[in-house]
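Asks: please find the sequence and the predicted model below.
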Amino acid sequence: MPEVQIKRAQPVEAIITIEGTAPLIVHAWSKKARQLMLDAQQGKKNPKDAKDPEADFQASMYRLEDGGHGFPTMAFKAATVLGGGRAFGKAVKMTQLRQHLRFIPDGRGATDGIMLTRLTCTEPKMREDMVRVGMGTADIRFRAEYQEWGADLRIMFLPNIIDLSSVVALVEAGGSNGVGEWRPEKDGAHGTFRVIAEAVE
C-alpha cells in the first residue's frame with residue numbers, strides 16, 4: 001500500500017478594511033439592563049427610575065478595555081455568513097462559512113467581556129428614537145450613532161479551502177446586509193459597509 005502523505009494546512013490571516021456606507025447605530029446591553037433582567041427572572045421587584053438620556057447614550061456604546069470604541073466581532077461574522085449565503089446561493093453553504101472563517105477580535109468589552117472589533121470612527125451623536133417593546137408599548141431609546149465609521153476585520157482562513165478574493169467577496173456581500181440597529185436585515189438602512197482594502201499578514 002503506497003504511503004499517504006497529508007500536508008498540514010497552514011491558516012492565513014487577512015486584514016480586510018471596511019468603511020461604513022451608512023451610519024451605524026449601536027445598542028449594547030448595559031450593566032443595569034442585564035441586572036434588571038436577572039432580577040426579573042428571580043422574581044425581584046425594582047423601583048422604576050427616571051430616564052437619564054446621557055447615561056443611556058453612554059451605556060449604548062461598546063467600549064474596549066482601553067476605552068476605544070468597538071463593535072461585536074461576531075456581528076461582522078454573522079453579516080458575512082448571511083450576506084454570502086444570500087448573494088451566492090447554493091454556491092456556498094452558511095454552515096461551511098461559519099466553520100472556515102474565523103474572525104479575530106481586537107479585545108474584550110470593558111463591562112461585559114464580549115469580544116469586540118475596534119472601530120475607526122468619529123465621535124458618535126445621540127439618537128432619540130421611539131420604539132415598540134413588549135406588547136406594543138411605546139418607549140423612547142437613547143442610542144449612539146456613528147456617522148463615519150470603519151474597521152479592520154482580521155479573518156483567519158485556510159487558503160486550500162477558500163482564497164482571499166472569495167473571503168473579500170463574502171465580506172463585501174455582508175456589507176449589504178449590514179450590522180447594528182436598523183440594518184437592512186431588520187428593515188432599516190443603517191450599518192451597511194464596503195471593502196476598501198485587503199492584505200495578508
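Replies: Yep, that arrived.
Asks: and the next helix or strand past the helix or strand bottoming out on mean pLDDT in the chain?
Replies: Every helix and strand of the chain was ranked by mean pLDDT, DSSP states H and E. The lowest is helix 31-41, at a mean of 52. Scanning forward in sequence from helix 31-41 by DSSP states H and E, the next helix or strand is helix 53-59.
Asks: show me what counts as buried in that next one.
Replies: Across helix 53-59, burial judged by 16 or more other C-beta atoms under 10 Å covers 56, 57, 58, 59. For glycine as for every other residue, the C-beta is placed from the backbone atoms N, C-alpha and C.
Asks: stretch 92-112 now?
Replies: Of the residues in stretch 92-112, those buried by neighbour count under the rule 16+ other C-beta under 10 Å are 92, 97, 100, 101, 103, 105, 106, 107, 109, 110.
Asks: which one among those residues gets closest to residue 140?
Replies: Of all the buried residues of stretch 92-112, residue 140 sits closest to residue 109, with 24.9 Å by C-beta to C-beta.
Asks: run through the residues that contact that closest one.
Replies: Neighbouring residues of residue 109 by C-beta atoms under 8 Å, 6 or more residues apart in numbering: 28, 62, 63, 64, 65, 70, 115, 116.
Asks: just the buried members of the residues you listed?
Replies: For the contacts of residue 109, a burial check counting by 16+ other C-beta under 10 Å picks out 28, 62, 63, 64, 70, 116.
Asks: what strand or helix carries the fifth one?
Replies: Following DSSP H and E, one finds residue 70 within strand 69-72.
Asks: and that strand, what does it pack against?
Replies: Using 3 or more C-beta pairs under 8 Å, 6 or more residues apart in numbering; DSSP states H and E, the elements in contact with strand 69-72 are strand 62-63, strand 115-121.
Asks: need the mean per-residue confidence for the last one.
Replies: Confidence for strand 115-121, expressed as mean pLDDT, is 98.
Asks: next one: the shortest one
Replies: In this model, strand 62-63 carries a mean pLDDT of 96.
Asks: other residues contacting that strand?
Replies: With contact meaning C-beta under 8 Å, 6+ apart, strand 62-63 is reached by 26, 28, 69, 70, 71, 72, 109, 110, 111, 114, 116.
Asks: can I get these in CSV including distance to residue 20?
Replies: Listed next are those as CSV, based on distance: C-beta to C-beta, whole Å:
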residue, distance to residue 20
26, 12
28, 18
69, 12
70, 14
71, 11
72, 15
109, 20
110, 23
111, 24
114, 20
116, 16
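Asks: which of those residues lies closest to residue 137?
Replies: Among the contacts of strand 62-63, residue 28 lies closest to residue 137 (C-beta to C-beta), at 21.9 Å.
Asks: how about the nearest residue to the closest one, chain neighbours excluded?
Replies: Here the nearest residue to residue 28 in space, its sequence neighbours aside, is residue 62; by C-beta to C-beta, 6 or more residues apart in numbering that works out to 4.9 Å.
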